[in-house]
Structure formats: structure tokens, C-alpha cells
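1. Got a sequence here, can you build the structure:
(one chain, ligands or ions: 3)
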Amino acid sequence: MSDIETNLKQLFSKIDELKPAFIERLTKAVAIPSVSSDETLRPKVVEMANFLQNELKNLGADDISIKELGIQPPPVNDSNLKLPPIVLSKFGSDPNKKTILIYGHYDVQPALLEDGWNSDPFVLIEKDNKLIGRGSTDDKGPVMGWLNSLQAHKELNIPLPVNIVFCFEGMEESGSIGLDKLIQKEAKSYFNNVNSVCISDNYWLGTKKPVLTYGLRGCNYYQLIIKGPGADLHSGIFGGIIHEPMTDLIKVMSTLVDINGNILIPGVNEMVAPVTEKEDELYKDIEFDVNELNLASGSNTAIYQDKKNILMHRWRYPSLSLHGIEGAFSGAGAKTVIPSKVIGKFSIRTVPDMDSEKLTKLVTDFCNAKFKDLGSPNEFKAELIHDGAYWVSDPFNDEFTSAKLATKKVWGIEPDLTREGGSIPITLTFEQELGANVLLLPMGKGDDGAHSINEKLDVPNYIEGTKTLTAYLHYYGATK
Ligand SMILES: NCC(=O)N[C@@H](Cc1c[nH]cn1)C(=O)O
Ligand SMILES: [Zn+2]
Ligand SMILES: [Zn+2]
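-> Residues are numbered from 1 along each chain as shown. Ligands and ions are numbered 1, 2, ... in the order given. The predicted structure is shown next:
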């Protein structure tokens, strides 16, 4: 047996042995409601950064550096709100070893019991071999997976096969504000000598087959602010005799997309790169069908029934989703109020060759024109909240080859090569600023319910996933 295989055998048994400690680590992480989009929870996001710092210290990091990013830029309610810090850390600095930068995020999407969760979202529970809780799969499980791997190495006294630089951020779910600049600044200092970047922050396509991912869509997030009366009003007293902000907003929002997902803003679809013959062939070999989609969405509401159309519309065409209305009545009961100010939120998932600035101009001009058509005296503003770039790479390099070996070793099957419909805004910046290949090596399954209620990570995905990350370090470390 080669050195690598001997080490992996010991590491895999250690990972199995440490399973209760690993679940405990994830339990502690999930218990911190580090919701980056909720300004009132910002102290919890910072608490999560401190938690990570402490874990890294206990694992024997050679260096830990907490980078403050300053005040969050507008649009924001609290103009003094500090951005959560970037947690950087180093393990090893051997010039004879490759250096991998591992990125993950410690913030999560919002979650409330009343959204329909079956249990408290911030109390990790183990049920039917699933770990259920906000952040279990996105992205606290994978981040803990890397720490778990370090713990296994430490307890066995097995040297890491690569130097590791960690970069953990707390604003990924809110557009990775401030991280671009930090990467540019640190490219030749903290991130000097980085050979490769690995991110575990997406999902298998379905539930049966592991995947490696070579593409992401970008995300441009917009808000439409409509202000009318000076305060919320009684609809019996004012209904029918004033222009209502909510009525205006619904009218404008309904012009953006049709019920079949077609974006109705002129010029947007025209920016999309044409499908090449080579790409057209790609979809045939991927394992996926509409049943997997129905299972993951918990419904029979698919627009497309065939694999190719589903995948193309998830991966290589843009989509526009309406997310919500701030200021609107949304509780139980029948409140008869006219909201005085409402803010509609929607995002567009972007793909090659869409240009973010051009898109924003098309979107804001369109919304302004639609509002003007209403002839309403209310105040209207359309603006971008944040944008993050799409990313597509060539999946035939040392990183993907090593990850294939690691996946085969742990799961006994060759992974599919996929793109992802979601976004990790910082991916392209890492590739461009560090001049390094990026590999996306997901841990969770397509039905994990990231961003949804009852988010989960299957216990085998957490444990075998930790082994896959570990094997990847060893196989990549052995490449020339
Ligand atoms: N696991 C990645 C993920 O969930 N990313 C978010 C990032 C985001 C948030 N706003 C814009 N991009 C996603 O929604 O895809
Ligand atoms: Zn994520
Ligand atoms: Zn997410």
C-alpha cells in the first residue's frame, strides 16, 4: 500500500471514531444564528467568527488573522453597521508542499420556526440519519468538515499533505460585501503562494451520485422602494381615495417575469451566450430526471419535464425570482392596513455573457418606465443591493483529477461534472486575483433544502464528505 493509501486508511477510521465529536461541533455552530441579512443579528455573525477563531486555535493553527472590513455600505438601515470580519488562518508553510486556499462562509440565511420548520432551526437535531438545522448544509457542515479533517490529522499525528490557508467570510449570503477588496489586498501577502482554491459550498445535483462542479451562476439583487402616505393608514378611511404603494409595487413587480419563468425585461435574454455544439452534448451523460427535481422541491411544479431543459435553465440561462416585500403585512389574521412604504425584492441569476452594469441599467430603466406608466404620485426608486459574478471553468486539471480520485475512493463511484444554479459571489475573484484554479467540491445532496425550511445534511454526507475533503488534500498534495 502507498503512503497515501496507508494514511487515508488511518484517517478514515479516525473520522468514523470522531463522528460524535464532529456532530457536536456542527451542533455548536448551528446554535449561533449568524444571519448576515438581519442587521439585528450582526452580533451573532461576529460570535460565529469568534467560534471559528477558537476552533482554529484549538486545532493548532500557525496563524490566525482577523480582518475587519469596516462599515457596511448602503443600502443599509443602520449607517454605522460594521461588516463581520474575515477569518484567515494558516496551517503549515512548507515550501515543498502545495498551498490550498479553502474558502467557506459562516453566515446563514434567515430562518424562523413560523416559516414552517418542524423544529427550532438553530437547534441541530439528528433524525432519520439527517442533521437538521439552519446552516447544516449551507455552509456550516462543509466548513466544519474541513476542521474535522484537521482534527483527524492532529490526533493521528499525520502531517498535512498541503499547506492550508483558510478564508472564512460572514457575508456570503448577502453578496460577499468587502471580500473582493480584501482578496486584492492580500493576493501578494497573506494569499501569496496559493496554488489552488477549493470551495465546498454547493450540492450534488440529485441524491444518489456525488458531483464536482465547474460553473456557477451569478446573482444581481435588486430592490424597488415605494413611499406614499406619511404613516400606515386605515383602509376603511383611506382605501379608494389615495394611491397605495403596495398596489403600485405589485403592478411593477408583475411586469418582470411571466409564470413560465421568462424574463420580460427587454435586452436581458439577448446578452446570453449561445449554446455551442460541444455544450449541447454535455447534458446526455448527466444522471438526473424530473423526479429528482420534484423530490427536492417537494412538489410537482416543474416548468420543464425533460432533463436537458431543466439543467439548461438551472445552469446556463438566467432566471428572475421575486423574493418578498418589506413593509407589507404578512402575519396571520386580517389586518386592514394600507402600508405607507413597501420595498419589493427580486434577484436575477446571471450567466455568460451578461454584463452586470448593463443588466442593472436595463432593470432600473425598465422599472422606472413601468412605474411612470402608472401615473402614481408616490415616490419610487429602483436600485441594486449587491451583485456577484458567474463563474465557469475547465474541469480537466489536477484539481478535478484529484477530486475524482477522492470521490471514487470514498463513494466508490465516478462523480458527475456539473454546473450550479446558485452563486458563490467570490469564486471568480479568487481565480482572477490569485491566478489559481478553483474546484467546487460539494458535501450535501440536492434535496438538502438549503435556504429552505428543514435544511438538513445527511449524516453519511457529513462523515463521508469529511473523508472526501481529506482524500482530496492527499491526492492533490501528491500532484507534481
Ligand atoms: N451556497 C451558496 C449560496 O447559497 N449562495 C447564495 C449567495 C448569494 C446571496 N445573494 C446573492 N448571492 C445564493 O443565493 O446562491
Ligand atoms: Zn453557501
Ligand atoms: Zn446559501
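
2. which ones are touching the nearest residue to residue 368 once chain neighbours are set aside?
-> Leaving aside its chain neighbours, residue 368 sits nearest to residue 382 (6.0 Å; criterion: C-beta to C-beta, 6 or more residues apart in numbering). (Glycine included, C-beta is placed from N, CA and C.) The neighbours of residue 382, taking C-beta atoms under 8 Å, 6 or more residues apart in numbering as the test, are 222, 223, 224, 225, 363, 364, 367, 368, 371.

3. The helix or strand hosting residue 382 near ligand 2 anywhere?
-> Using DSSP states H and E, residue 382 sits in strand 379-388. No - shown here: strand 379-388 not in contact with ligand 2 (C-beta under 5 Å from the ion), separated by at least 11.5 Å.

4. Tell me the confidence at the residue minimising distance to the centre of the chain?
-> Centroid check for the chain by C-alpha atoms, centre = their mean gives residue 424 as the closest residue, at 5.1 Å. Per-residue pLDDT puts residue 424 at 92.

5. quick one: it and residue 199 touch, right?
-> Yes - in this structure, residue 424 is within contact of residue 199 by C-beta atoms under 8 Å, at 6.1 Å.

6. Just the C-alphas of stretch 127-136, formatted as CSV.
-> Output in CSV follows, covering the C-alpha atoms of stretch 127-136 (Å, rounded to 0.1, in the frame of the first residue of the first chain):
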residue,chain,number,x,y,z
LYS,A,127,-33.5,12.4,12.9
ASP,A,128,-33.6,9.5,10.4
ASN,A,129,-29.8,9.8,9.8
LYS,A,130,-30.2,13.5,8.9
LEU,A,131,-28.8,16.5,10.7
ILE,A,132,-31.5,19.2,10.6
GLY,A,133,-30.8,22.8,11.3
ARG,A,134,-30.1,26.2,9.5
GLY,A,135,-26.6,26.1,8.0
SER,A,136,-26.3,22.3,8.3
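
7. Quick one: distance of that stretch to the chain centre.
-> The chain centre lies 18 Å from the centre of stretch 127-136; the measure is C-alpha atoms, centre = their mean, to the nearest Å.

8. Which positions in it come out as buried?
-> Residues of stretch 127-136 classed as buried: 130, 131, 132, 133, 134, 135, 136 (neighbour count, 16 or more other C-beta atoms under 10 Å).

9. Do any residues in stretch 89-106 lie close to ligand 2?
-> No - remark: stretch 89-106 sits outside contact range of ligand 2, by C-beta under 5 Å from the ion, the gap being at least 5.5 Å.

10. So which elements touch the helix-or-strand element of the chain with minimal mean pLDDT?
-> Within the chain, confidence by mean pLDDT, DSSP states H and E is lowest for helix 277-282 among all helices and strands, at a mean of 88. Contact partners of helix 277-282 among helices and strands, from 3 or more C-beta pairs under 8 Å, 6 or more residues apart in numbering; DSSP states H and E: none.

11. What residues does this protein have near ligand 1?
-> Residues of the chain lying near ligand 1 by C-beta under 6 Å from any ligand atom: 138-139, 172-173, 175, 201-202, 219, 221, 388, 422-425, 450.

12. follow-up on the earlier one: so which of the buried residues of stretch 127-136 would you say is closest to ligand 2?
-> residue 135 (8.8 Å; C-beta to the ion).

13. doesn't residue 142 make contact with the closest one?
-> No - using C-beta under 8 Å, residue 135 makes no contact with residue 142, being 10.0 Å away.

14. Just give the number of residues close to residue 388.
-> 26 (other C-beta atoms under 10 Å).

15. Contact partners for it?
-> By C-beta under 8 Å, 6+ apart, residue 388 lies in contact with 175, 176, 218, 219, 220, 423, 424, 425, 426.

16. repeat that with 6 Å
-> Applying C-beta atoms under 6 Å, 6 or more residues apart in numbering, we find residue 388 in contact with 175, 218, 219, 423, 425.

17. Return the member of those residues nearest to ligand 2.
-> Nearest member of these to ligand 2, counting by C-beta to the ion, is residue 423, at 8.9 Å.

18. Strands along the stretch 101-250 of the chain, start to end?
-> Ranges of strands within the stretch 101-250 of the chain are 125-127, 130-132, 163-169, 196-199, 211-216, 218-227, 233-234, based on DSSP state E, counting those that start in this stretch.

19. so what strands line up beside the last one?
-> Think strand 233-234. As defined by DSSP bridges, the strand partners of strand 233-234 come to strand 337-338 (antiparallel).

20. how does this structure divide into domains?
-> 3-216+390-477, 218-273+316-388 (automatic domain parsing).

21. can you list contacts of stretch 96-106?
-> 34, 48, 52, 139, 143, 146, 162-170, 172, 193-199, 477.
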